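Engineer: This is a predicted model, with the sequence first.
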Amino acid sequence: MRRTKTYIAGDWTGDKGAVDKLHQWNDSNYWSLSFVDAHELTQARDGSLNCSIKASLGTRLDASNTFVLIVGNNTKTVRSGSCQYCNSYNSWTSSCARGYYVDYRSYIEYECEKAVRDGLKIVVLYNAAIVDKAKCPDAVKNTGTHAAMCYRQNGQLYWDYQAVRNAIN
């Protein structure tokens, strides 16, 4: 598969506003941010097993040449996607009742590690006015381009389109 897409990752609960802002800049005729979102390729149902969702994420990453991670306050500590939170996980035996491999990584950890392993261009955008690598997952903490998505002026926080564009392009 040819890698032509951009994969956007992040804490979709805590940083949805930042993800939506990226899409707004991308979808607008006014702004010149331009990418094809890898998440348009496949969809996973909310009721899917965590391992099935990771397989779907892997397919999307396989079609991507750029990995954009949005880092917020909880990105590093989000545990969603770990097998221990799946109904098929047997905590007594630490195994999968369906016989699948047990993976304790969150979706974000899985995505970051796969992006680095596959050699994708890494862009880490902080949903803040500063770059705080303490909030960044270890797999991408010291690789790629890191930029703040916002700037502060007169006590107000504003989106920084130019900083994001420069980081992605």
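Structural biologist: Cool, the structure landed. Numbers count the residues shown, from 1 in each chain.
Engineer: residue ranges with poor pLDDT in this protein?
Structural biologist: For the chain, residues meeting the criterion pLDDT under 70 lie at 1, 43-47.
Engineer: make it 80
Structural biologist: For the chain, the stretches with pLDDT under 80 are 1, 32, 40-48.
Engineer: Show me which strand runs longest in it.
Structural biologist: strand 64-71 (DSSP state E).
Engineer: Export that one to CSV, keeping only CA atoms.
Structural biologist: Listed in CSV are the C-alpha atoms of strand 64-71, where the atom choice follows Å, rounded to 0.1, in the frame of the first residue of the first chain:
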residue,chain,number,x,y,z
SER,A,64,0.2,7.0,6.2
ASN,A,65,3.5,8.9,5.6
THR,A,66,2.9,11.4,8.4
PHE,A,67,1.9,10.8,12.0
VAL,A,68,0.5,13.8,13.9
LEU,A,69,0.1,13.3,17.7
ILE,A,70,-1.9,15.9,19.6
VAL,A,71,-0.6,16.0,23.2
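Engineer: Against which helices or strands is the helix or strand just after that strand packed?
Structural biologist: Of the helices and strands lying after strand 64-71 in sequence (DSSP states H and E), the nearest is strand 89-90. Contact analysis of strand 89-90 by 3 or more CB pairs under 8 Å, 6 or more residues apart in numbering; DSSP states H and E lists strand 95-96 as its packing neighbours. For glycine as for every other residue, the C-beta is placed from the backbone atoms N, C-alpha and C.
Engineer: and the strand it packs on, how far from the chain's centre?
Structural biologist: 26 Å (CA atoms, centre = their mean, to the nearest Å).
Engineer: name the helices or strands packed onto it?
Structural biologist: strand 89-90.
Engineer: what lines up beside the longest strand of the chain in the sheet?
Structural biologist: Sheet pairing of strand 64-71 (DSSP bridges) gives strand 5-10 (parallel), strand 121-126 (parallel).
Engineer: what sits against the nearest residue to Val123 once chain neighbours are set aside?
Structural biologist: Counting by CB to CB, 6 or more residues apart in numbering, Val68 is the residue found nearest to Val123 once chain neighbours are left out, at 4.6 Å. When contacts are counted by CB atoms under 8 Å, 6 or more residues apart in numbering, Val68 touches 6-9, 22, 123-125, 168.
Engineer: Could you check how far Val68 is from Cys96?
Structural biologist: The spacing between Val68 and Cys96, counted by CB to CB, to the nearest Å, is 31 Å.
Engineer: re earlier: export the strands paired with strand 64-71 to CSV and tack on distance to Ser34 and mean neighbour count?
Structural biologist: Putting the strands paired with strand 64-71 into CSV (distance: least, CB to CB, whole Å; neighbours: other CB atoms under 10 Å) gives the following:
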stretch, distance to Ser34, mean neighbour count
strand 5-10, 9, 24
strand 121-126, 14, 22
